[in-house]
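Colleague: sequence unknown, structure follows:
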């Protein structure tokens, strides 16, 4: 029997449009039976935080302040033409109007079709975050580079 | 995304149940029957309802 195809996405970006791309690829690939892993690092971690808005998360004053600035999925910016975060709201409206799945729907769909979500150990240390700061669907195993390379071995790797 | 939604709905129904999916012409109309068959589901029929709207019947 042919081994299951695999796609591993390194999600570094926390931009709305790039997250849409990452989760569209992830859910679509998982639906056609790929094993899909997403490794969230740095800005990408904003997509899977439990607290979805601008709240003080993390340990230590600087980390909490930075956590507030970064925010969560509700305030991810568009990579271009963001216009003080008005554009993601407009984009969501346009997506809904044209019957295209929103970013939140894409995340839910990815989870439903079995996409595995992992967090980056180093980024979490810098930002003072723990695994409990993320949605429960995130894998409890926090990854470093070596472990990610091991998990993603034999498949395609994409950096977004 | 159409096939992702189809797959999620297929997971919710029982074996031998039938799922009807409405799609527009183009990629979903080509991809859903192909991917469904590949994954062991049976396509019972594809019907053109009107203009470019099609109904695909899939048996789990």
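Modeller: Yes, it's here. Quick caveat, the model's predicted, so the values are computed rather than measured.
Colleague: next, residue A:56: secondary structure please.
Modeller: coil (DSSP: H, G, I helix; E, B strand; the rest coil).
Colleague: that one against residue A:63, yeah?
Modeller: No - contact criterion CB atoms under 8 Å: residue A:56 and residue A:63 do not qualify, at 9.0 Å. In this view, the C-beta of every residue, glycine as well, is placed from N, C-alpha and C.
Colleague: out of these two, which sits in the more crowded spot?
Modeller: Ranked by neighbour count (other CB atoms under 10 Å in any protein chain shown), residue A:56 and residue A:63 place residue A:63 first, with 17 against 12.
Colleague: check contacts around that one.
Modeller: If you count contacts by CB atoms under 8 Å, 6 or more residues apart in numbering or on different chains, residue A:63 has them with A:126, A:127, A:128, A:129.
Colleague: can you show me the helices along chain B?
Modeller: If DSSP state H is used as the criterion, the helices of chain B fall at B:2-12, B:27-38.
Colleague: close to chain A, is the last one?
Modeller: Yes - counting by CB under 8 Å from any CB of the partner chain, chain A is contacted by helix B:27-38 at B:35, B:38.
Colleague: give me the residues contacting that helix.
Modeller: A:31-33, B:2-3, B:6, B:10, B:21, B:23, B:42-43, B:46, B:54, B:56, B:58.
Colleague: and that helix, what's buried?
Modeller: Burial within helix B:27-38, assessed by neighbour count using 16 or more other CB atoms under 10 Å in any protein chain shown, is assigned to B:28, B:29, B:31, B:32, B:33, B:35, B:36.
Colleague: how close does residue B:41 get to chain A?
Modeller: Computed as CB to the nearest CB, to the nearest Å, the residue B:41 to chain A distance reads 12 Å.
Colleague: nearest spatial neighbour of that residue, chain-adjacent residues omitted?
Modeller: residue B:58 (5.2 Å; CB to CB, 6 or more residues apart in numbering or on different chains).
Colleague: now swap in residue A:3 and tell me
Modeller: Spatial nearest neighbour of residue A:3, chain neighbours left out: residue A:154 (7.4 Å); criterion: CB to CB, 6+ apart.
Colleague: torsion angles phi and psi at the one you found?
Modeller: Main-chain dihedrals, residue A:154, degrees, to the nearest 10: phi 90, psi 0.
Colleague: repeat that for residue A:23.
Modeller: Per degrees, to the nearest 10, the backbone of residue A:23 is at phi -80, psi -30.
Colleague: residues contacting it?
Modeller: A:103, A:106, A:107, A:109, A:110.
Colleague: adding secondary structure and pLDDT, write those residues out as a markdown table.
Modeller: Shown next, in a markdown table, are those (DSSP: H, G, I helix; E, B strand; the rest coil; pLDDT from 0 to 100):
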| residue | secondary structure | pLDDT |
| --- | --- | --- |
| A:103 | helix | 91 |
| A:106 | helix | 94 |
| A:107 | helix | 96 |
| A:109 | helix | 95 |
| A:110 | helix | 96 |
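Colleague: relative to chain B, which of those residues is nearest.
Modeller: Using CB to the nearest CB, residue A:109 is the member of the contacts of residue A:23 that sits closest to chain B, with 5.0 Å.
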